[in-house]
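[1] let me see the structure of the following:
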Amino acid sequence: MMMMHHEEKREQLIKLKNEKHAKKNGDPLCVVCIYKASTSMQRQFIRFLKTKSSQFYAKSTISPLAFKLQPPSSFTPQSALIFSTPTNLPQIIEDVIELHQKHSLQVVVAGIDTMVPSSSRNGVSELWLDHRMKIANSLLLEERDDLNTPPPESDGINPVTARKNWKNLQGHLSLKLRHEMDAKISLANTVFSTGSILTLFYFDAETNAAHSGQHLCELEVALPRGVVPNHATAKIEDKWTPLYPGKLFKITNCVGNLLKSIDKNPAAKYLENNEQLMSLKSKDTEVFVKLRKRGSTIVERFKVTAGGGGWGAKADIIALSPEAKPERGDEIEFFMVTPDDRFVKQKDDAVERFNQTFAFMSSYEETGYGNDDTDSQVERVYETFGCGSEQGFFFNGVKHHSPGEIVYIKFK
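    Alright, predicted model coming up:
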């Protein structure tokens, strides 16, 4: 818990003031405030900054029991950003409608796949702010005509089908954390919990707010200035095992997302001749690469979708994710994610590392329906805000989509 001593005294003064006001005026809202003050000592994450955006309150609840959204009592929030897994969305929707109607609270709700840091599929993450968020570029769900979009782009080796699948409708929440720090989060399929394939909406009392209270598939949200300080840096953790520890190779021939030669050798040989990779003999092992562009400090991350083991002209080629655009002279590193790291998550994933953080995660893969924590009936509350996505996420334009891959911003 990050609380200051003077804040505890302030809590007591607020409670006494509300009690007197409630007795005098019979105001039921003050009774609610008294209740919230009595529960405000839950584990929570509050930051005080000497800026116009001075305070926020953040927490994540895993396996919530009798859950109800409760604004912080230490300050009066002007806005809130709520991430919820599908099972909790009906309650969240009910709560935010009530909060908006009673307090004219600006609130954004997004249905997400999993929680951080444990990749649980049952939870709610809350971020309460004492200033309003900036909301822009909303796109109505009904305006996304998926039947008119082209089929997925080929990776250059594997064929694609033109058949459409309703489960593949894409939706995103773009979150601007501060200047030159942003995340783009893929939304969960929520059709079985809310009746809508995606759940993304916001309420805003401003008269010029476009699409307030409507089903969306795209939305951009900017946090108030100062919530994420300029000195804060993002850390990346993953489950990648290097195939050639400490070695960088240079791309010598490529076209599109296809690597033809590396250091003037057939590209696929760097996979076929790696004993560590071949010894696993598992089709569930995935290969990823880090790509360093010439003249840039940005490290891009891509999945190897095909490579090696074939015949003919394509036998020596490595295919990267369709969005990859390697060039001659770029440097490349090879990694693998083993079946154990894809499907087996550590218990709570060393939770203490993620205390007092904002975190975004690529969800671990499930091995069966409803496969979640064994102690799923035990409610846990963490000092973090964020979410996980089965389809991965973008952070500062770089895609992170291997199981267990996480980007987090530490505040203390």
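[2] so what strands line up beside the helix or strand hosting T305?
    With secondary structure defined by DSSP states H and E, T305 is part of strand 299-307. Strand 299-307 has its sheet partners listed here by DSSP bridges as strand 286-292 (antiparallel), strand 318-320 (antiparallel).
[3] which of these sits closest to H179?
    strand 286-292 (24.4 Å; C-beta to C-beta). In this view, the C-beta of every residue, glycine as well, is placed from N, C-alpha and C.
[4] quick one, helices of the stretch 151-300 of the chain?
    Using DSSP state H, counting those that start in this stretch, the helices found in the stretch 151-300 of the chain span residues 191-194, 269-272, 275-278.
[5] what's the most buried one of these?
    helix 269-272 (a mean of 18; mean count of other C-beta atoms under 10 Å).
[6] counting contacts, what elements does that one pack onto?
    Based on contacts counted as 3 or more C-beta pairs under 8 Å, 6 or more residues apart in numbering; DSSP states H and E, there is no element that helix 269-272 packs against.
[7] rounded mean pLDDT for it, please.
    Regarding helix 269-272, the rounded mean pLDDT is 93.
[8] how far does it sit from the chain's center?
    Relative to its parent chain, helix 269-272 has a centroid offset of 33 Å by C-alpha atoms, centre = their mean, to the nearest Å.
[9] one more: stretch 319-330?
    Using C-alpha atoms, centre = their mean, the mean C-alpha position of stretch 319-330 is found 25 Å from that of the whole chain.
[10] hmm, P322 is touching K303, no?
    No. With contacts defined as C-beta atoms under 8 Å, P322 does not count as touching K303, sitting 10.0 Å away.
[11] ok, E218 - contacts?
    When contacts are counted by C-beta atoms under 8 Å, 6 or more residues apart in numbering, E218 is found next to N137, S138, L139, R144, G171, H172, S174, L200.
[12] now, the most widely separated pair of those residues?
    Checking the contacts of E218 against each other with C-beta to C-beta, the farthest-apart pair comes out as R144 and S174, at 15.2 Å.
[13] excluding its backbone neighbours, what's nearest S60?
    S125 (4.3 Å; C-beta to C-beta, 6 or more residues apart in numbering).
[14] F395 too?
    With C-beta to C-beta, 6+ apart as the measure, V407 is the residue that lies nearest to F395, at 4.7 Å, once sequence neighbours are left out.
[15] local confidence estimate at the one you found?
    Among the per-residue scores, V407 holds a pLDDT of 95.
[16] so which strand or helix has it?
    Assigning secondary structure by DSSP H and E places V407 in strand 406-410.
[17] buried sites along that strand?
    Applying a neighbour-count criterion of 16 or more other C-beta atoms under 10 Å, the buried positions in strand 406-410 are I406, V407, Y408, I409.
[18] and D316, which of the three is it?
    Assigned state for D316: coil (three-state reduction, DSSP: H, G, I helix; E, B strand; the rest coil).
[19] what number of residues lie near S104?
    Using other C-beta atoms under 10 Å, S104 has 12 other residues around it.
[20] could you list which residues are in contact with it?
    Contacts of S104 (C-beta under 8 Å, 6+ apart): A205.
[21] quick one: it from Q276, how far?
    When C-beta to C-beta, to the nearest Å is applied, the distance between S104 and Q276 equals 59 Å.
[22] now swap in T384 and tell me
    As for T384, its distance to Q276 is 34 Å (criterion: C-beta to C-beta).
[23] quick check: which ranges of this structure have low pLDDT?
    1-54, 145-168, 207, 308-314, 344-350, 367-377 (pLDDT under 70).
[24] 80 instead?
    Along the chain, the parts satisfying pLDDT under 80 run over 1-54, 117, 144-168, 207-209, 307-315, 343-353, 366-377, 412.
[25] filter the contacts of E218 down to the buried ones, ChimeraX style.
    What follows is the ChimeraX syntax for the buried subset of the contacts of E218, where burial is set by 16+ other C-beta under 10 Å:
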select :138,139,144,171,172,174,200
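[26] which of the contacts of E218 fall in strands?
    Within the contacts of E218, residues falling in strands by DSSP state E are N137, S138, L139, H172, S174, L200.
[27] so what's the first one up against?
    By that I understand N137. Contacts for N137 were tallied using C-beta under 8 Å, 6+ apart; they are S174, E218, L219, E220.
[28] ok, what's across the strand from the first one?
    For S174, the beta-bridge partners under DSSP bridges are K184, E220.
[29] is it in contact with L219, as I believe?
    Yes. Contact between S174 and L219 holds when scored by C-beta under 8 Å: they sit 7.1 Å apart.
[30] closest to G397 among the contacts of N137?
    Nearest to G397 among these is S174, at 11.3 Å by C-beta to C-beta.
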